[in-house]
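Asker: Okay, predicted coordinates and the sequence, questions at the end:
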Amino acid sequence: MMDWLGMLASPRTPRPELKDRVLARALARRRRRVGLTLAAAAMITIAVGWGAWEAWWAYRTIGELTVERDGLAARVEALEDTVSTFIHGPATRLIQIPVSTGGRVGSVTIFADSVRHRWLVRCDGLAPNASDQAYQLWFITDRGMATAAVMPMDQDKPMVMALEMPRGEGGEADQRVLGAAMSIEPRAGSASPSGPMVFHRLL
């Protein structure tokens, strides 16, 4: 009816540049969609990889901490057993010796177990050593001075150690320990006291 009245527009061929622009827009949209999909896939892959790495790191850290905790628990148990044996044993004698080092007042406490022929020694308040020096603890015996322990103290904190008393020629415990002494010696220790004496005490 409209064509009969001459009102219908005649078909026209679009300009070549218009066709190119429409095609270019369609291709650009498609490329954007593909790019977004690839970016999303990359982000998911990174997130999964990061999560797996974090899980592995947590598993490894937990394993290391468990081993460290078990080792510390065993050490604490052994120390508690040693301290209990020394402190509560009926044959244990307590000797506390006040000392002064580097202008500081401290003490050396000896729990002497005459049955097991061992000493538990605790040093409190001793000044840290110079880098080339160490404290050296000595047994005073009827045969002279015998080294008990070389104790380099690099930090300002107490030191605790268990010491076996000197042995006789036949392997029997030498019960002729008459006292204890401490001197400041070279870091490697000395065969006999040669440095400043911290204390010298007959028991």
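Answerer: Ah, there it is. Residues are numbered from 1 along each chain as shown.
Asker: now the helices for this protein?
Answerer: Applying DSSP state H to the chain gives helices spanning 2-5, 16-88.
Asker: Check those helices for me: which has the lowest mean pLDDT.
Answerer: When those are compared on average pLDDT, helix 2-5 comes out lowest at a mean of 52.
Asker: do you know how far the closest residue to Val105 other than its chain neighbours is from Glu164?
Answerer: Computed as Cβ to Cβ, 6 or more residues apart in numbering, the closest residue to Val105 that is not its neighbour in sequence is Gly125, at 6.3 Å. Where you see a C-beta, it was placed from the backbone N, CA and C, and this is true even at glycine. Distance, Gly125 to Glu164, using Cβ to Cβ, to the nearest Å: 26 Å.
Asker: list the contacts for Ser107?
Answerer: By Cβ atoms under 8 Å, 6 or more residues apart in numbering, the contact set of Ser107 is Gln96, Ile97, Pro98, Val99, Cys123, Asp124, Gly125.
Asker: Next, the buried residues of stretch 141-152.
Answerer: Within stretch 141-152, the residues scored as buried using 16 or more other Cβ atoms under 10 Å are Thr141, Met145, Thr147, Ala148, Ala149, Met151, Pro152.
Asker: Same check on stretch 192-203?
Answerer: Neighbour-count burial for stretch 192-203 flags Pro193, Val198, Phe199 (criterion: 16+ other Cβ under 10 Å).
Asker: Out of the buried residues of stretch 141-152, which comes closest to Glu64?
Answerer: Closest approach between those and Glu64, by Cβ to Cβ: Pro152, at 28.5 Å.
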